[in-house]
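K.L.:
need a 3D model of the sequence below.
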Amino acid sequence: MNTTNSLFCRYLFVSVCIGFGVLVPNANGQVTSAAIRELTEFVAKKFSKEVAEEGAEIVSRKIETVVAQLGDEAVDAIRAVGPKAIRWIEASATDGAQSARLISRFGDEAAWVVTDPARRAIAAKMGDDAAAAMIKLGQPAEKILELGGESAAKATAQLSAKNGRQLAMLADDSTSAALVKNDALMQTIAKFGDKGMEFIWKNKASLAVAATLTAFLANPEPFIEGTQSLAQVAADAAVEPIAREIASSTNWTLTIGLLVLALCAYLLIKHWITQPRRIAK
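P.N.:
This next block holds a predicted model:
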């Protein structure tokens with residue numbers, strides 16, 4: 001398309017939008033006609049090719065409709081990715097508001113969720129944290145969400161992509177999948193973020209032991225900060241069953257009786273030794 005045609009489409013687009021300039025209500029008040037005009041001028045300039053391909057009048061009408069329905073969230077989404085935001089929002093049907101939020105936050109990367117009905121359903125059920133997890137990690141996030149639900153979604157949302165992948169590997173391994181199902185552990189990751197996840201990844205074998213996991217969750221910060229040793233907790237957990245078995249198999253009545261007899265014998269012998277002896281004549 002030559003420059004003259006491009007400018008013509010741009011001006012036509014803006015003119016049409018100005019012609020529809022009315023106050024457009026949203027949940028927080030009103031998006032003014034001036035705001036609509038500013039948005040359409042921005043879209044016409046930055047996304048002129050897409051506007052020309054779809055038609056200036058069509059795009060302008062769609063902007064007005066979507067903004068009327070969703071307000072500022074739609075404005076931010078359209079500014080982020082242009083006219084395709086409108087298509088994605090329209091295709092989202094009742095999930096349009098969430099799709100607009102995700103597009104405005106993640107831009108083109110949001111397409112992984114907002115253009116797929118199954119992923120949109122997960123995001124609608126579990127919230128924006130779940131959507132953020134899927135956008136960040138792609139398909140591996142779905143296993144995390146399947147096992148850990150909303151608590152795992154909140155945990156994943158606080159992680160870098162690298163540590164998010166480590167959490168996905170825990171979810172995919174049958175020996176560690178139970179950790180992802182543990183709400184308290186996911187809440188710990190959500191609180192401590194990457195630092196907490198790095199500790200859990202390095203100590204995943206120890207944390208698979210129930211007693212060790214319980215001790216860690218009771219007060220995770222000293223372990224994460226390195227002021228308390230998880231290895232010592234694991235060692236204590238290994239010794240405790242042995243000590244308990246010894247204690248349960250001991251006949252304490254007989255043992256105490258023997259100790260009393262031994263003490264009496266000791267006292268008698270001591271008394272006998274310390275008594276003065278008569279010298280025979």
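K.L.:
quick one: residue 117 and residue 164, what's the gap?
P.N.:
24 Å (C-beta to C-beta, to the nearest Å). Where C-beta positions appear, they are placed from N, C-alpha and C, glycine not excepted.
K.L.:
neighbours around residue 165, how many?
P.N.:
By the measure other C-beta atoms under 10 Å, the count of residues near residue 165 is 16.
K.L.:
test my guess that it contacts residue 141.
P.N.:
No: Residue 165 is beyond contact range of residue 141, at 9.5 Å (criterion: C-beta atoms under 8 Å).
K.L.:
could you check which of residue 117 and residue 164 is surrounded by more residues?
P.N.:
When neighbours are counted by other C-beta under 10 Å, residue 117 and residue 164 differ, and residue 164 comes out ahead with 24 against 11.
K.L.:
all the helices of the stretch 51-200 of the chain, residue numbers only.
P.N.:
Along the stretch 51-200 of the chain, the stretches classed as helices by DSSP state H, counting those that start in this stretch are 56-70, 72-81, 83-91, 96-106, 111-114, 117-126, 128-137, 140-157, 161-172, 177-181, 183-202.
K.L.:
can I get the ones you listed in CSV with mean pLDDT?
P.N.:
Converted to CSV, the helices of the stretch 51-200 of the chain look like this (pLDDT from 0 to 100):
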stretch, mean pLDDT
helix 56-70, 87
helix 72-81, 93
helix 83-91, 94
helix 96-106, 94
helix 111-114, 95
helix 117-126, 94
helix 128-137, 94
helix 140-157, 95
helix 161-172, 95
helix 177-181, 96
helix 183-202, 96
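K.L.:
turn those helices into JSON lines, columns for distance to residue 33.
P.N.:
Formatted as JSON lines, these follow (distance: least, C-beta to C-beta, whole Å):
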{"stretch": "helix 56-70", "distance to residue 33": "10"}
{"stretch": "helix 72-81", "distance to residue 33": "13"}
{"stretch": "helix 83-91", "distance to residue 33": "19"}
{"stretch": "helix 96-106", "distance to residue 33": "20"}
{"stretch": "helix 111-114", "distance to residue 33": "28"}
{"stretch": "helix 117-126", "distance to residue 33": "32"}
{"stretch": "helix 128-137", "distance to residue 33": "30"}
{"stretch": "helix 140-157", "distance to residue 33": "37"}
{"stretch": "helix 161-172", "distance to residue 33": "42"}
{"stretch": "helix 177-181", "distance to residue 33": "50"}
{"stretch": "helix 183-202", "distance to residue 33": "43"}
